[in-house]
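Chemist: Predicted coordinates and the sequence they were generated for:
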Amino acid sequence: MRTGVRRASLETKGNAMMNLWHEMRRRHVLRIGGVYVAAAWVFIEMLSIFLPMFEAPAWIAKTFTVLVVLCFPIALIIAWAFEVTPDGIKYDNRPGDSTETVPTAFSDYLIALGLAVVIGLSIQNYFSGTDNPSVQAVPNVVETEASLAVLPFLDFSEGADNQYLGNGIAESVLISLAKLDGLKVASRTSSFAVQNKNLEIGEIGKRLGVTQTLEGSIRLLGNKLRVSVQLSDVETGYQIWSKIYDREFKDIFSIEEDIARSLVEALKGPLSLDDDPVVDIGTDNAQAYSLSLEGRYYFHIPTQENFLRALQLFQKAIELDPGFAMAHGYLGFTLGYASIYTSYAQYRAASSVSTKLALLKEPDNVPATLIKAFMYRDLDKAFPLYKKALENGSDPDLALYTFHNDYLWPQSRHLEARQPLLAALARDPDSVLLLQPLAMLESRAGNPDEALAHIAKVGPFDGSDFLISSVLADVYYRNGDGVNLRKITEQSIDFIGWQNGFLPYYLLQAHVLNGDLDLADLLLAEMLQKQAKEKSLSATTIGLSFAALGRMEEAADWLIQAQQERDFWLRWHIRAALEDFPGLAQLPKVITLVEAMGLDDASIQARIARGG
């Protein structure tokens, strides 16, 4: 008896479920639910694409996603209660009729199955954990050859004074990816050159020869850091992967690591990486890292003010982390080059210490390698280091600038750099580190118009920038234009002072060209007085000043003193001085000096024959 009752009860429940299923199909609840889910999925995907482009706060995407989910049961209820008729939407209060014809069941079963799969995947994605699941697209492995350009991340912080951070994060990711096998990464110089060019993705890809680009932005507020990134296909313009990170600034290392790993997985597949870190910064001190990034930012905008600022920032970074190799490498370079403008002895020891520490931890550190080469008196020992830095490729502009100025120019081999400089400028047409040596090269080669055209791209001719003024002074001097030479040197001295005597020397040359020999004599006397009191001028510039006034013996003595003081400007000027002052070149002690420096014709030709 009880068995029969239970059977009847089960049959009643089964009939009720069948009636419910029939009624849901009759009222098109399943179909409306399917349309709703499809439309919601498209809507959320659109959010994931467009919200990062406008740097929208993360809560917007989250809020819309929650609203979409909450409205789903409401849509089902409305579908149950109302019916669309030729007369409009009406309340459906008809009793269920199991005999009423309904659409074929197969399509409804497919819709129900699809809804179950979508809901299941959404739950799995939610509990898998991401920084911002509402805006993260699933990475798709790119089957073609992986080639990538990492563009500088834009700064959307209030005040827009953190661009150094956007550049630094992008550069760290770029350098780390470039070390991986099987992944072609455009150089920093090439990738950063397209910044602020308003180019389409396709044009960027064509210019850089890559199939994907990584763009990003940063926003720093207090200790809160937001980094938005998106990987796009150059050919189609579609996003392959995107993500927004909202973290504390101290988590900057994990952000960079996650970006790099996600990119490799998107480009090469999830099995292409082991457990070793992709990004190796060399410090775990976030503040030291931030200071070094800021220092590198100013380092790559070479004005004297920025050069000094970069030096101070690298010093502060090392105070926080004395073992930070990257900061040591750049500090060693800035200290070594500071000796050009001040006293070699003042900075040599500190530069040497930082250079050794950097190369001990990072044997391929480019700035440290270059400044070590610069410090060598023996050019034969320096050449392998310059070659190593040039082949490294991580900072090609700096390597080429230093190689030209410190190796080729002193040997009167500057024309060898013309084609490499032009080729580099084709990738980075606004680089000061390329334009200045090319302009100086053309000036010395007797092409003043080309020299002026190149240096005009750097900035105004108002004397405020030493690199510009040095080219203008050389052009006007070689053209015998004493009027303009005097004008630019006096403007520069007003802006940046005497420095090491380079500008006063050219001012003295202007007086000679203009026939104002009394003014030239007075200026030389002032230079000697200043040197006796402050020891701040280059012995080379004083020696050349004596030569300009025809006092060759005294000029030779000062040049010998410059060699003893390891004055950089002697290496830079000595060959050109021999061309300008034949009487100086004939003095036996000057001939001996040039031979000791390895800058005589025989030594240079032998070096060329050896491939150096």
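Modeler: On my side now, so go ahead.

Chemist: Show me this structure divided up by domain.
Modeler: 2-128, 147-280, 298-609 (automatic domain parsing).

Chemist: Can you list the low-confidence ranges for the stretch 51-200 of the chain?
Modeler: With pLDDT under 70 as the threshold, the stretch 51-200 of the chain has low-confidence stretches at 51-62, 75-76, 79-145, 160, 195-197.

Chemist: Just the pLDDT for residue 229.
Modeler: Reported pLDDT at residue 229 in the predicted model: 86.

Chemist: Let's have the domains of the chain in CSV, adding distance to residue 288.
Modeler: (Glycine included, C-beta is placed from N, CA and C.) Formatted as CSV, the domains of the chain follow (distance: least, CB to CB, whole Å):
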stretch, distance to residue 288
domain 2-128, 28
domain 147-280, 11
domain 298-609, 4
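
Chemist: I figured residue 559 hits residue 593, correct?
Modeler: Yes: taking CB atoms under 8 Å as the definition, residue 559 is a contact partner of residue 593 at 6.3 Å.

Chemist: Now for these two: what residues contact both?
Modeler: Residues within reach of residue 559 and of residue 593 at once, by CB atoms under 8 Å, 6 or more residues apart in numbering, are residue 574.

Chemist: the more surrounded of those two?
Modeler: Set side by side, residue 559 and residue 593 show unequal neighbour counts under other CB atoms under 10 Å, the larger going to residue 559 at 27 against 19.

Chemist: Please enumerate the strands of the stretch 101-250 of the chain.
Modeler: 147-150, 154-155, 184-185, 212-221, 224-233, 239-248 (DSSP state E, counting those that start in this stretch).

Chemist: related to what we said a few turns ago, lowest average confidence across the domains of the chain, which one?
Modeler: Among the domains of the chain, domain 2-128 carries the lowest mean pLDDT, a mean of 59.

Chemist: Who are the contact partners of residue 311?
Modeler: Shown here is residue 311, whose contacts under the criterion CB under 8 Å, 6+ apart are 295, 331, 334, 335, 338.

Chemist: Burial check on the third one, number of neighbours?
Modeler: The number of residues packed around residue 334, counting by other CB under 10 Å, is 26.

Chemist: Which SSE is immediately downstream of the strand or helix carrying it?
Modeler: When elements are assigned from DSSP states H and E, residue 334 belongs to helix 325-341. Moving toward the C-terminus from helix 325-341, the first helix or strand encountered (DSSP H and E) is helix 344-361.

Chemist: for that following helix, packing partners?
Modeler: In this structure, helix 344-361 packs against helix 325-341, helix 366-375, with contacts taken as 3 or more CB pairs under 8 Å, 6 or more residues apart in numbering; DSSP states H and E.

Chemist: quick one: which of those helices is nearest residue 548?
Modeler: Between residue 548 and the helices and strands packed on helix 344-361, the shortest gap by CB to CB is with helix 325-341, which sits at 21.0 Å.

Chemist: and the closest one with helix 366-375, angle?
Modeler: Helix 325-341 and helix 366-375 meet at an angle of 30 degrees, taking axes from the mean of the first three to the mean of the last three CA atoms, to 10 degrees as the criterion.

Chemist: Could you shift the numbering so residue one becomes 836, and keep it that way?
Modeler: Taking 836 as the first residue, the last one we looked at is helix 1160-1176.

Chemist: hey, what's residue 1052 bridged with?
Modeler: Residue 1052 has the following beta-bridge partners by DSSP bridges: residue 989, residue 1063.

Chemist: residues near it, how many?
Modeler: 20.

Chemist: doesn't residue 990 make contact with it?
Modeler: Yes: the pair residue 1052 and residue 990 passes the contact test of CB under 8 Å, sitting 7.3 Å apart.

Chemist: which residues touch stretch 1330-1342?
Modeler: For stretch 1330-1342, the surrounding residues in contact (CB under 8 Å, 6+ apart) are 1139, 1175-1177, 1297-1299, 1301, 1304-1305, 1308, 1312, 1320-1321, 1324-1325, 1327-1328, 1358, 1361-1362, 1365-1366, 1371-1373, 1376-1377, 1379-1380, 1383, 1404.

Chemist: Only the buried residues of it, if you could.
Modeler: Of the residues in stretch 1330-1342, those buried by neighbour count under the rule 16 or more other CB atoms under 10 Å are 1331, 1333, 1334, 1335, 1336, 1337, 1338, 1339, 1340, 1341, 1342.

Chemist: Can you tell me which of those lies closest to residue 1245?
Modeler: Nearest to residue 1245 out of the buried residues of stretch 1330-1342 is residue 1337 (CB to CB; 15.6 Å).

Chemist: returning to that earlier point: minimum distance to residue 1122: which of the domains of the chain has it?
Modeler: With respect to residue 1122, and counting by CB to CB, the nearest of the domains of the chain is domain 1133-1444 at 5.7 Å.

Chemist: Thank you kindly, that will do.
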